[in-house]
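[1] Next comes the sequence, and after it the predicted model I'd like to discuss.
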Amino acid sequence: MDKINVLDCSGILGSVEKLRKEDFANFGEKLGTALSKVGYAYLTNHGLDLGKVERVYEVSKDFFDMPKEIKNKMRKPPGAASFHGYAGPGDELLNATAPNAANELRQFYDVTGHIESNDICYFPSEVPGFKDAFDEFRQESVNLSDKLLRCISLYLGLKEDELVKRHTHMKDRSVPTQTVIRSSMYSPLETMKNDVRIPEGEEADIRCGEHCDWHTITLLFQDLVGGLDIRTVSGEWVAATPIENSILLITGDLMEIYSGGRLPATPHRVRIVDDTKLDKKPRQSLLYAPSPDGNEEVAPLVPILEELTEKKRTIYGPQSYERVNAHEWVHKRHATAASY
Ligand SMILES: O=C(O)CCC(=O)C(=O)O
Ligand SMILES: [Fe+2]
C-alpha cells in the first residue's frame, strides 16, 4: 500500500484550543498532499473514540434485524424534503446512470440535519439508546472534522477558519445543514436477495453504486470485512482494504468546488465480488459527512486549477466549479438517488 496516504494524526491530537496554527499547517500539508495526489487518506492515531462507532454498529444492527413493518415506520418520506430515516434494499441507487444499474443490496439509516430532525419521533423507539449512540458518535466526529477542516484550509493557503466558519452547525445544532451520519448494513447476499425485486444475473451486481459523496468531506468507518473500492486520482480502482482502528477520509463534491479542483471528490463503490467472505459475511460501515451550513453558497475559495478546467476528474460530481447552493446541491443529488 502506498504509504503517502496512511497518516498518523498524533500531531493534531487533543482539543482545538490547545493546538497551534503550525500543528494544523504541518498535518494539512500531509493531508492535502495525500488527498490531491492519491485521492483518499487513512487516518491513524486520530483520537476519535472508536467505542462510539461500535455502539452505533450495535444499535444499527438491532434495528436492521427488526421486522420490515417496524423498519418501514422509519422509512424516509418520499421526495427529497428530508432524507433522514431508513432506506431498505432497492430504495436508493447512488449511481442510477450506470449501464447495469439495479438495486443496491444494503440497508441504511441516515441521521441528518440540525435540531429539528433530532426529535425523538425520528428515531426508532424499539431500539433503546439508538439516538444517543448517534449523538455521541456525532460529537466525536465533529471534534475531528473541525481540526481536519482547519488543516485543509491552511493547505489551500486560506485562513485557518475559512472552512470551519462555513460549517458552524457542527458546534451549534440549531443551524440547519445537510450534514449526514449514515449507518449501512450489507447483509449476506442470500438474505438481501429475498428482500428485493432484483433481476437475476449481472444486473444485480451492486451493493453501493459508484459515486462521489455530496458533502465537504467524509469520515468513513468500516469493519474489517472489506469490499470498498476507491478510484484514485490517477483513475485506477483500488481496494480500500480496511486498516484496523483507522478512519478513511475522502473528499466530497463540495470540497472539490471549494478547492477549485485541487481536492477532487473521491469516487467509490462497494461491489459484489465472487468471494465467499464478502458475499456471506455481513458488513457494516458508518460515515459522518459534514456539509456547509444551510443555504451557504459554495464557490471556489482559491483559483481553479488550470488543468482541470478542461478535463474533470470527477465522474459523478460537479460538472463545473460554478457557485452552487449547499442545500440545493445535496437535495438535488439525493433526489436522483432515491427511487421512491
Ligand atoms: O459502505 C461503505 O463503505 C460506503 C458507503 C457509501 O459510500 C455511502 O453511503 O455514501
Ligand atoms: Fe459514499
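    Structure's in. What do you need? These numbers come from a predicted model, not from an experiment. Ligands and ions are numbered 1, 2, ... in the order given.
[2] residues in contact with the residue lying closest to residue 106 once chain neighbours are set aside?
    Closest residue in space to residue 106, ignoring its immediate chain neighbours: residue 186 at 4.8 Å, by Cβ to Cβ, 6 or more residues apart in numbering. The C-beta positions use only the backbone N, C-alpha and C, and glycine is treated the same way. Contacts for residue 186 (Cβ atoms under 8 Å, 6 or more residues apart in numbering) come out as 105, 106, 192, 207, 208, 227, 270, 282, 283, 284, 285.
[3] now do 6 Å
    The contact partners of residue 186, taken as Cβ atoms under 6 Å, 6 or more residues apart in numbering, are 106, 207, 283.
[4] same question, residue 35
    Contact analysis of residue 35 by Cβ under 6 Å, 6+ apart lists 251, 263.
[5] just residue 281 next, same as before
    With Cβ under 6 Å, 6+ apart, residue 281 has these contacts: residue 225.
[6] count of neighbours near residue 153?
    25 (other Cβ atoms under 10 Å).
[7] how about the host helix or strand of it: buried residues?
    Element membership for residue 153 (DSSP states H and E) is helix 130-155. Within helix 130-155, the residues that qualify as buried are 130-131, 133-134, 136-138, 140-155, counting by 16 or more other Cβ atoms under 10 Å.
[8] pretty sure residue 173 is in contact with residue 114, am I right?
    Yes - applying Cβ atoms under 6 Å, one finds residue 173 in contact with residue 114, separated by 5.4 Å.
[9] picking up where we left off before, what are the bridge partners for the residue nearest to residue 106, then?
    Taking DSSP bridges as the rule, residue 186 bridges to residue 283.
[10] What residue in the stretch 201-340 of the chain comes nearest to ligand 1?
    residue 285 (3.4 Å; Cβ to the nearest ligand atom).
[11] So which elements touch the helix or strand harbouring that residue?
    Under the criterion of DSSP H and E, residue 285 resides in strand 283-289. Contact here means 3 or more Cβ pairs under 6 Å, 6 or more residues apart in numbering; DSSP states H and E; on that basis strand 283-289 packs against helix 50-64, strand 180-186, strand 217-222.
[12] re the thing from before, next up, the contacts around the residue of the stretch 201-340 of the chain closest to ligand 1.
    Per Cβ under 6 Å, 6+ apart, neighbours of residue 285: 184, 222.
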